[in-house]
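Participant: With the input below, show me the fold.
(one chain, ligands or ions: 1)
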Amino acid sequence: MLEIQKVTRRFGANVAVKNVQVRIPEGQMVGIIGRSGAGKSTLLRMINRLIDPSEGKIIFGGTEVSALNGSALRSWQRDCAMIFQQFNLVPRLDVVSNVLHGTLNRRSTMSTVLNLFPRDDIHQAIDILERLGIADHAQKRVEALSGGQQQRVAIARALMQDPKIILADEPIASLDPMNAQVVMDALRKIHDEDGRMIVCNLHTLDTARRYCDRVIGMRGGEIVFDGLPEDLTTSAAREIYGADESFSEEATSTSIESLSRPTPSLEPAYAL
Ligand SMILES: Nc1ncnc2c1ncn2[C@@H]1O[C@H](COP(=O)(O)OP(=O)(O)OP(=O)(O)O)[C@@H](O)[C@H]1O
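Facilitator: Predicted structure coming up:
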């Protein structure tokens, strides 16, 4: 269980996240939606301690992760992998080396400097790439791949950490609808097959509804919606996005919906 207890984050006078209270059971895939500036990234970054809360506690499995330091903090950051909008890969390095970088924080400085990776790790990296359907590109430079392929490399790098939680900060915001679907399918597959908790910031309603077990809506740093995808009605969406009667679904869609659907059971009952 991940528990976010009355967490607030201030940047000077600006309150980015305000008194947020959430409990996420293990194995849930959660989508966090909201307008730009709603506090989604700040919340995610506090969970893996890229930044610290100004107030409140973050607890995972009974441990207060918001109070960890040193090696215990590094261990938490291994358990809590992050994926970013801009992939954060090394473009000129090949795919396998990028994936192996997911093991850096458990390797010695010397082996890191010499770029020496144990054979078992290399095999594991190839297995993960196969699982994500990109093993054929293992030896290519990352910069030669499409955005969707690069994001799958980033997911593979995260999986090398064998994390308990995957935090994805707008993982499809830079991708076209086709690649966005491939990446979201990959995250859902990892969730379904491994039972890993996934918390995913998304700026589009359709993606959250389609892929997540639970949707959290943020506005002005606060949680204004927390429920099932099918409960995300037009008025709930308006509350999250702060839109008036002219609110339109298209303004917050990726067009993934127009592509083929993987599992009809994920189809929401709701339509505008
Ligand atoms: N490092 C920072 N320094 C100052 N203010 C910040 C910092 N990071 C975020 N903020 C502010 O906190 C608020 C929430 O930002 P945040 O990035 O968490 O929102 P978001 O919902 O993730 O938006 P986006 O989708 O645009 O990333 C915004 O007002 C933002 O300007």
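Participant: low-confidence ranges in the stretch 101-250 of the chain?
Facilitator: Confidence mapping of the stretch 101-250 of the chain against pLDDT under 70 gives the ranges 104-116, 244-250.
Participant: Show me the strands in the stretch 101-250 of the chain, by range?
Facilitator: 165-169, 197-201, 214-219, 222-227 (DSSP state E, counting those that start in this stretch).
Participant: which of the ones you listed sits most buried?
Facilitator: Between these, the one whose residues have the most neighbours on average, counting mean count of other CB atoms under 10 Å, is strand 197-201 (a mean of 25). Every C-beta, even on glycine, is put in place using the N, C-alpha and C of the backbone.
Participant: residue ranges for the helices of the stretch 101-250 of the chain, please.
Facilitator: The residue ranges that make up the helices of the stretch 101-250 of the chain, judged by DSSP state H, counting those that start in this stretch, are 109-113, 119-131, 147-160, 177-194, 205-211, 234-241.
Participant: how close does residue 84 sit to residue 13?
Facilitator: In this view, residue 84 and residue 13 are 27 Å apart by CB to CB, to the nearest Å.
Participant: Please say which of these two ends up with more neighbours.
Facilitator: In terms of neighbours (other CB atoms under 10 Å), residue 84 is the more surrounded of residue 84 and residue 13; the figures are 18 against 5.
Participant: what residues are up against that one?
Facilitator: Contacts were defined as CB atoms under 8 Å, 6 or more residues apart in numbering; by that measure residue 84 touches 154, 169-171.
Participant: Around the residue nearest to residue 164 when sequence neighbours are not counted, how many other residues sit close by?
Facilitator: Closest residue to residue 164 apart from its sequence neighbours, by CB to CB, 6 or more residues apart in numbering: residue 79 at 4.6 Å. Number of residues near residue 79 (other CB under 10 Å) recorded here: 16.
Participant: Surely residue 79 touches residue 158?
Facilitator: No. Residue 79 lies out of contact with residue 158 (CB atoms under 8 Å); the separation is 11.2 Å.
Participant: joint contacts of these two?
Facilitator: Common contacts of residue 79 and residue 158, defined by CB under 8 Å, 6+ apart, are absent altogether.
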